[in-house]
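Chemist: Sequence below, structure please.
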Amino acid sequence: MSKARSASKVRVVTAAGAVLYRMEDGVPCCAVVHRSRYDDWSLPKGKVDPGESLPTTAVREIGEETGFGSVLQSLIGTTAYPLKENVRKEVTYWSARAAEGRFEPNSEVDELRWLPVEEAKKLVSYPLDRKILTRFAEAPRVESMLMLVRHAKAGDRREWSGDDTLRPLDKSGRTQAEMLVPMLRAFGVSRLHSAPRVRCEQTLAPLADELGTEITIEKSLSDEAYLDAPERAVTRLLEIANAGDGVAAICSQGTAIPGILDDLAAAAAIDIRNTSTKKSGVWGLGFSGTTLLSADYYRSPLPLH
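Modeler: Below is the predicted model:
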């Protein structure tokens, strides 16, 4: 059998986790867990359950292993290693701010320690965990997050005879909107903003219902408004990001989103490369004040399997 044919038969086990941290005297201290089954020290992580996206898995596994809630922030990276012949495990990690909680020994984890990065690197059992901790330490510290969402599927505009601002989500789009709920909640979204389009409002409506909150309409964040006044659109997005009362999600359109991202990246002198965004795709934007630090793209909220 050729190498190409053999490689195609490799089964990938997907998992997610995080560098869960809390600030102590101005220093980030990271959660390192001891797994009694393996007698090792590692970062909290676990396999994806059916119906989950990777961010949803990360938050669930952190809760199960540590007892703490968490709010995902920037994407750190993905590690991969063989489990056995023709089986590879891939683990995607975020930085995650610890929320309320309390550790209690459980069937998976019998001890948890909060340690500064260098001490955590000495304790963990695996080089790949040390690599993730190093990346966490080297990344600029995010002060605020914003989730920028392209509206879900709304059918073909050529088949819609009415006012295009009123074009609603189709069946696939409604499913995408429902699946955005756990994904956006994994990033701690509590404030909702939308361009003045029915399809944009409907994309965030399931999350608004779950949170019991209203969606604020943002006239400056539609495609047309961005093309007319791009600086005004960027300024408004930054105002929303830095409002200081929780993480916001903004739902906009396929021209405004890449334009705003390009403008933010140019101002911060960073390269995002491709800013095109699929319907229901999400950008997790990390800021320090008005400066963009990170831009992570999540192409779909739908589950991996």
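Chemist: Help me confirm that residue 165 is found in a strand?
Modeler: No. Remark: residue 165 does not belong to a strand; assigned using DSSP: H, G, I helix; E, B strand; the rest coil, it is helix.
Chemist: how much space between it and residue 219?
Modeler: 11 Å (C-beta to C-beta, to the nearest Å). Quick note: C-beta positions are derived from backbone N, CA and C, even for glycine.
Chemist: Mutual contacts of these two, please.
Modeler: Shared contacts of residue 165 and residue 219, defined by C-beta atoms under 8 Å, 6 or more residues apart in numbering, comprise residue 196.
Chemist: how many neighbours does residue 50 have?
Modeler: 7 (other C-beta atoms under 10 Å).
Chemist: That one is in contact with residue 57, isn't it?
Modeler: No. The criterion here is C-beta atoms under 8 Å, and residue 50 misses it with residue 57 at 10.7 Å.
Chemist: Which positions within the longest helix anywhere in the chain qualify as buried?
Modeler: Taking DSSP state H as the assignment, the helix of the chain that covers the most residues is helix 171-186. For helix 171-186, a neighbour-count test (16 or more other C-beta atoms under 10 Å) marks 173-186 as buried.
Chemist: Closest one of those residues to residue 294?
Modeler: Comparing the buried residues of helix 171-186 against residue 294 with C-beta to C-beta places residue 186 closest, at 16.1 Å.
Chemist: Spatially nearest residue to that closest one, not counting backbone neighbours?
Modeler: Nearest residue to residue 186, sequence neighbours excluded (C-beta to C-beta, 6 or more residues apart in numbering): residue 55, at 4.0 Å.
Chemist: Repeat that for residue 111.
Modeler: Of all residues not flanking residue 111 in the chain, residue 34 sits nearest, at 4.1 Å (C-beta to C-beta, 6+ apart).
Chemist: measure that neighbour to residue 117 for me?
Modeler: Residue 34 sits at a distance of 18 Å from residue 117 (criterion: C-beta to C-beta).
Chemist: How about the secondary structure of residue 104?
Modeler: Going by three-state DSSP: residue 104 is coil.
Chemist: check contacts around it.
Modeler: residue 67.
Chemist: ditto for residue 228
Modeler: Counting by C-beta under 8 Å, 6+ apart, there are no residues that residue 228 touches.
Chemist: For it, grab phi and psi.
Modeler: Main-chain torsions, residue 228, degrees, to the nearest 10: phi -70, psi -40.
Chemist: Excluding its own residues, what touches the longest helix of the chain? List them.
Modeler: 52-53, 55-56, 58-59, 71-72, 147, 149, 151-155, 169, 199, 202-207, 210, 249, 279-280, 282, 298, 300-303.
Chemist: pull the CA atoms of that helix into PDB?
Modeler: Taking C-alpha atoms only, helix 171-186 is exported to PDB below (Å, rounded to 0.1, in the frame of the first residue of the first chain):
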ATOM      1  CA  LYS A 171     -34.200  26.700   7.200                       C
ATOM      2  CA  SER A 172     -30.400  26.200   7.100                       C
ATOM      3  CA  GLY A 173     -29.800  29.700   8.400                       C
ATOM      4  CA  ARG A 174     -32.200  29.100  11.400                       C
ATOM      5  CA  THR A 175     -30.200  26.000  12.300                       C
ATOM      6  CA  GLN A 176     -27.000  27.900  12.100                       C
ATOM      7  CA  ALA A 177     -28.400  30.600  14.300                       C
ATOM      8  CA  GLU A 178     -29.400  28.000  16.900                       C
ATOM      9  CA  MET A 179     -25.900  26.500  16.900                       C
ATOM     10  CA  LEU A 180     -24.300  29.900  17.400                       C
ATOM     11  CA  VAL A 181     -25.800  30.100  20.900                       C
ATOM     12  CA  PRO A 182     -23.400  27.700  22.700                       C
ATOM     13  CA  MET A 183     -20.500  28.800  20.600                       C
ATOM     14  CA  LEU A 184     -20.900  32.500  21.400                       C
ATOM     15  CA  ARG A 185     -21.700  31.700  25.000                       C
ATOM     16  CA  ALA A 186     -18.300  29.900  25.200                       C
END
